[in-house]
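**Q** please work out how this folds:
(2 chains)
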Amino acid sequence: DAGVIQSPRHEVTEMGQEVTLRCKPISGHDYLFWYRQTMMRGLELLIYFNNNVPIDDSGMPEDRFSAKMPNASFSTLKIQPSEPRDSAVYFCASSPWALNIQYFGAGTRLSVL
Amino acid sequence: ELKVEQNPLFLSMQEGKNYTIYCNYSTTSDRLYWYRQDPGKSLESLFVLLSNGAVKQEGRLMASLDTKARLSTLHITAAVHDLSATYFCAVQGGETSGSRLTFGEGTQLTVNP
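**A** A predicted model of the protein is given here:
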């Protein structure tokens, strides 16, 4: 398997623009996670899905952030409108069941100017 | 709220030396993970520790878990330059955390020739 695939790898945008990050989990994995990594806050969970259903979105910073998983092989994290403080590396991870190793994608480095 | 603390946060050591990284967590959990992250890269799973007294070893790295003390250690034996990276511990499960991983701050390890 190719692993968890994220796109784009890098995104530079201007404040106020909409940003969409994409993730393809490992085939057969029922759980998908979105994490954000910053120097100030470290690695923090934003939201996770089980069988395409959002289970815990308590880490989503505010209404500007939304995430969807329309099918088992695709998820998006959208920021609208984006702000400079959203600049971070966003990781997607997947795992086959609830308590199991999470396999991380390469991440999307987002810079909001 | 589950808290995970690592120390030290920065570690500079010479090749051939031994050292231990500590990971403390605040509430009961089901699993503890150690991940490695190289600069600008994704997270790679190193170890999963499931029960009290668990010990796992891979090459020059050995991880252990003491659930009563809520403490995990990552011991480095005879360090080599290739071990330079940031090491994260992460806790999963417990009363309220579900499948989410709660990460420590990370320990940035530099091994000098």
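**Q** is it true that B:Thr86 touches B:Arg36?
**A** Yes - at 7.4 Å, B:Thr86 and B:Arg36 qualify as touching, with contact defined as Cβ atoms under 8 Å. From N, CA and C alone the C-beta is placed, and that goes for glycine too.
**Q** contacting residues around A:Asn71?
**A** Contacts for A:Asn71 (Cβ atoms under 8 Å, 6 or more residues apart in numbering or on different chains) come out as A:Asn52.
**Q** now the phi/psi pair for it, please.
**A** Comment: the main-chain dihedrals of A:Asn71 come out as phi -150, psi 180, following degrees, to the nearest 10.
**Q** A:Val53 versus that one, what's the distance?
**A** Distance of A:Asn71 to A:Val53, computed by Cβ to Cβ, to the nearest Å: 12 Å.
**Q** also B:Tyr22?
**A** Computed with Cβ to Cβ, the distance linking B:Tyr22 and A:Val53 is 37 Å.
**Q** of those two, who's got more company?
**A** Under the criterion of other Cβ atoms under 10 Å in any protein chain shown, the comparison of B:Tyr22 against A:Val53 puts B:Tyr22 first, with 15 against 7.
**Q** tell me which helix or strand the more buried one sits in.
**A** strand B:19-25 (DSSP states H and E).
**Q** residue numbers of chain B in contact with chain A?
**A** Within chain B, the residues that sit near chain A (Cβ under 8 Å from any Cβ of the partner chain) are B:30-31, B:33, B:41-45, B:48, B:88, B:90, B:92-93, B:98-106.
**Q** quick one: buried ones out of the residues you listed?
**A** Neighbour-count burial within those applies to B:30-31, B:33, B:42-43, B:48, B:88, B:90, B:92-93, B:98-106; the criterion is 16 or more other Cβ atoms under 10 Å in any protein chain shown.
**Q** out of those residues, which are inside strands?
**A** B:Arg31, B:Tyr33, B:Leu43, B:Val48, B:Phe88, B:Ala90, B:Gln92, B:Leu101, B:Thr102, B:Phe103 (DSSP state E).
**Q** adjacent strands (with direction) for the worst-scoring helix or strand of chain B on mean pLDDT?
**A** Comparing every helix and strand of chain B by mean pLDDT, DSSP states H and E singles out strand B:101-103 as the least confident one, with a mean of 92. Strand partners for strand B:101-103, identified by DSSP bridges, are recorded as strand B:85-92 (antiparallel).
**Q** report the angle between the strand it pairs with and strand B:19-25.
**A** 30 degrees (axes from the mean of the first three to the mean of the last three Cα atoms, to 10 degrees).
**Q** what are the contacting residues of strand B:85-92?
**A** Residues from elsewhere that reach strand B:85-92 (Cβ under 8 Å, 6+ apart): A:43, A:99, B:2, B:4, B:6, B:21, B:23, B:25, B:29-39, B:43, B:46, B:72, B:74, B:97, B:99-104, B:106-109.
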